[in-house]
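Participant: structure for the following, please:
(chains A and B)
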Amino acid sequence: MLSLDQIITLLIGLEGIIFTYWYFFEKKEGVQRVTGSSITIKVDAGYSPSTIVIKKNIPVTLKIVRTDKSDCLEEIVIPEWKIKKYLPINKEVSLNLEAKKTGEYPFHCGMNMFHGKIIVK
Amino acid sequence: MTDKRTGQLTLDIIGMHCASCVKLVERALKKVSGVANVSVNLATNKAYLETEKEIDLSLAKKEVEAVGYGIKDKNDSNKEEDPSIVEMEKARRRMWLAWSVAIPIAIWMLFEMFGGYWPDMLLYNLGITLLSTIPLFLPGIETLKTGFKALTRRTANMDTLIALGTTIAFATGPLGLILNYFNLPGIDNYAGVGAMIMAFHLTGRYVEAKARGRASQAIRRLLELGAKSARIIVNGQEKEVPVENLRLNDIMIVRPGEKIPTDGSIIEGQSAVDESMATGESLPITKNTGDKVLGATVNMEGLLKIKVAKIGEDTFLSQVIKLVSEAQGSRIPIQEFADRVTSVFVPIILILTIATITLWLAFPQSFSNLSNVFRPILPWMTGQMFSSPLSQALFAAISVLVIACPCALGLATPTALMVASGLGAENGILIRHGAALQTMKDIKAVILDKTGTITKGKPEVTDVIARSETTKSPPKRDPAEAGQSSSGSPRFARDDILQIAASAESGSEHPLGQAIVVKSRQNKLQLFPPKNFKAISGGGVTAVVDGKNIIIGTVKLLQEEKVNLHLLNQNNITSLEKQGKTVVHLSIDKKYQGSIAIADTVKEDSQSAIASLIRQGFAVFMITGDNQSTAEAIASQVGIPKENVLAHVLPQDKVVKVKELQKKFPVAFVGDGINDAPALAQANVGIAMGTGTDIAIESGDIILVRGQLSLLVSAIKLSKAAFAKIVQNLFWAFFYNVVAIPLAFIGLLHPIIAEIAMATSSITVVGNANLLRRTIIKSS
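Facilitator: Below is the predicted model of the structure:
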């Protein structure tokens, strides 16, 4: 039989696990609709905004600035558009895009730890 | 010193990234005395100043730095450093700083393991804890910051794992001291372990970054290839200008041994040009007036005057760089599963860590018993003692945190793709879609377009037949002597036939006519200027050469012109035509004198390349618009079986044939990329043949720069080797995590060993990808 201590320990652990799951997998993404011709994406422990909505056939410039010094985020990859770019620290990198098809285009860092997506409508 | 308001100054500003930065910098610079006006450009990172008097640059620098930006020193601007190299250098310094403290810690900890606490327990714990702050909070601070910052944004990455692992380990230090102070039951001090983990982590990161740098060196090398300056002629004077300032149609002077600055065509001079850097062709290529040359290739022999044809992003080299970097960002299907795993990997490891602590605390005895079974065979576990169940739980939890390595999974495919595309580019194989590497392994049949792929795509004179081949009169080089043989009826030697025909055709634009002219030039024959030149569509030409009436053309044309053809050797002609050749006939003053056979000849390496493909088990097909007998003639020359000849296929029907074959097996189509675009797109793998000077090809998954079939063999080898590497890497990365994480979970891995294993694992993956460079992809 489990002792009270054991039961309490297990319950606390279980709560921790549920919390962790909720914390990482149930979050709402910060969506940003692009209205102008460009949008700035800050790269600092993730992408903000991480979800970007753009319109079909309208050119958009993504201005990406990495302020995070970790080399984890030093590259941005948008596989569908065959873009892989090195992001120097504190230096804006511009990507010119013109989406021809609607859909969702995920992007991520060089090691696929941090994620974002571009939604074309 | 400078006149009022006339002084101008440009400064390079560092660190700007938005419009508000521009405003801040402008405001800061306006404060500097002597500055009349400032305009800052974000795109170029430059500030343009109008000055009233000489300004103090150090003051300007101070003002700009005060708002958080910097001014680049002018002296630095010459050698603009690669930012990734600068950051690599920082990583190296961080690594050594961490070790300079971690090594003393390690020695002190070994003392403890074998001789007990020295000098006593309190000083040991205090000393280790204090020392450990250095590696963790100086060189390791970036890792900690990113790791925890990510947590606050509800995302997590590898830094999060290391940050949590090291801080939990470190926390046992102060915690133990506090518990000790209050005489409470102790906790083992893992602060030193935390420091060691950080040192190993930084080492792993540095070595891995270096290896990744090696993997991506192909692009960097391509970028470095180009010449920096060019010598051009301006108003009859030579002038040196930076390559960026070249304009179209500038005339460049390139001396022997120099790099050709940009793409152009030779207007004067001839030379051998080493194009290996651009096309992978190892032998220098002879270039004459009119020939195209590529930027970054080396002029070996003669002085060349070259007219600029392409600049900037349009040059061959820029196109290659663009294609290679695009390929490196493209996706390979096999990666998908790994991607799905990595994107949830870290949160799952965090959940697993909580589970580890919970279970170890709830069931310390059962877990200890379980790990005790293996302890005797694991050398790092034999001396490991735990003062409390909490210590043991943390020991296992820290190991779980630091051993999980999503990096290896994330790097497995992209690194191999990067090395493969670089290696390909060096050899004249440009991979446009990474997916082609995976598809290639399933290909069973290869369809080769005939014209331009198997053959040169340009007709050449193959045979010259004089009316009577028994005539052995030596060729007469002097036009005046031609035809003046001793016997009554004039006979002509082969070179005479060629000479007269070429003279008549010298005004012709027909490919067959041009082939005759080219051949006469190769044989160094003098041509007469033709008079009354007339082209008869679908028939041939008539002209007056050296006072003689010349007709060159089909039998039908000669018959219409009432030429006596009884000396024409029909058997000879038929056998030539059976070989797929086009034969034209020459009449001089209404008398048949000889025939010339012209054919699109096969490329030198076609036969051996096709033989190699067949040896590898591919079904090789040839597709062409030619008639069956011409097609079969070419096919037999290169060893393609008759039943695999697809003749009479109109260009627009090629795609239909590809579809038909695809019903049977996955198909690769090899063609010229312009006319064959739909077929290339339809095929499972489309391979476009370049011409060696142009690769602005929109279709095709792979481009063979030099348009040689031997490159196709190399491309297949490269694809297979690259895909094998990817599979190996993915297997290793999955295997590693699947085996290592459970071991850590049951407390069988020392956290330091765990960290070493994880660093090694991502280095292994990158290193293994780099090994791809050793693959020999040259055919034969």
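Participant: which positions in stretch B:150-169 come out as buried?
Facilitator: B:150-151, B:153-169 (16 or more other Cβ atoms under 10 Å in any protein chain shown). In this view, the C-beta of every residue, glycine as well, is placed from N, C-alpha and C.
Participant: neighbouring strands - and their directions - for the helix or strand of chain A with the lowest mean pLDDT?
Facilitator: Least confident helix or strand of chain A, by mean pLDDT, DSSP states H and E, is strand A:31-33 with a mean of 79. Looking at strand A:31-33 with DSSP bridges, its partner strands are strand A:51-54 (parallel).
Participant: mind listing residues that contact the partner strand?
Facilitator: By Cβ atoms under 8 Å, 6 or more residues apart in numbering or on different chains, the surrounding residues in contact with strand A:51-54 are A:29-34, A:39, A:41, A:60, A:62, A:97, A:99, A:116-121.
Participant: one more: stretch B:182-191?
Facilitator: By Cβ under 8 Å, 6+ apart, stretch B:182-191 touches B:124-125, B:128-129, B:132, B:168-170, B:172-176, B:179-180, B:386-388, B:390-391, B:394-395, B:398, B:751.
Participant: switch the cut-off to 6 Å
Facilitator: B:125, B:128-129, B:132, B:169-170, B:172-173, B:175-176, B:179, B:387, B:391 (Cβ atoms under 6 Å, 6 or more residues apart in numbering or on different chains).
Participant: give me the pLDDT value at residue 62.
Facilitator: As the question left the chain open, I've gone with chain A. The confidence metric pLDDT takes the value 88 at residue A:62.
Participant: wait, chain B was what I had in mind.
Facilitator: Looking at residue B:62, the pLDDT reads 82.
Participant: and for residue A:16, the neighbour number?
Facilitator: As a burial measure, residue A:16 scores 17 neighbours (other Cβ atoms under 10 Å in any protein chain shown).
Participant: who touches residue A:27 in this structure?
Facilitator: Per Cβ under 6 Å, 6+ apart, neighbours of residue A:27: residue B:154.
Participant: Three-state assignment for it, please.
Facilitator: Under DSSP: H, G, I helix; E, B strand; the rest coil, the three-state class of residue A:27 is coil.
Participant: grab the nearest non-local neighbour of residue B:599.
Facilitator: Ranked by Cβ to Cβ, 6 or more residues apart in numbering or on different chains and with sequence neighbours excluded, the top spatial neighbour of residue B:599 is residue B:581, at 4.1 Å.
Participant: ok, the one you found touching residue B:597?
Facilitator: Yes - with contacts counted by Cβ atoms under 6 Å, residue B:581 reaches residue B:597, the gap being 4.3 Å.
Participant: now list whatever residues contact both of those two.
Facilitator: Counting by Cβ under 6 Å, 6+ apart, the residues touching both residue B:581 and residue B:597 are residue B:462.
Participant: show me where chain A has helices.
Facilitator: Applying DSSP state H to chain A gives helices spanning A:4-25.
Participant: so which bits of the least confident helix or strand of chain A are buried?
Facilitator: By neighbour count on 16+ other Cβ under 10 Å, the buried set for strand A:31-33 is residue A:32.
Participant: can you check stretch A:14-28 too?
Facilitator: So, applying 16+ other Cβ under 10 Å, buried residues of stretch A:14-28: A:16-17, A:20, A:24.
Participant: fine by me, we can end here.
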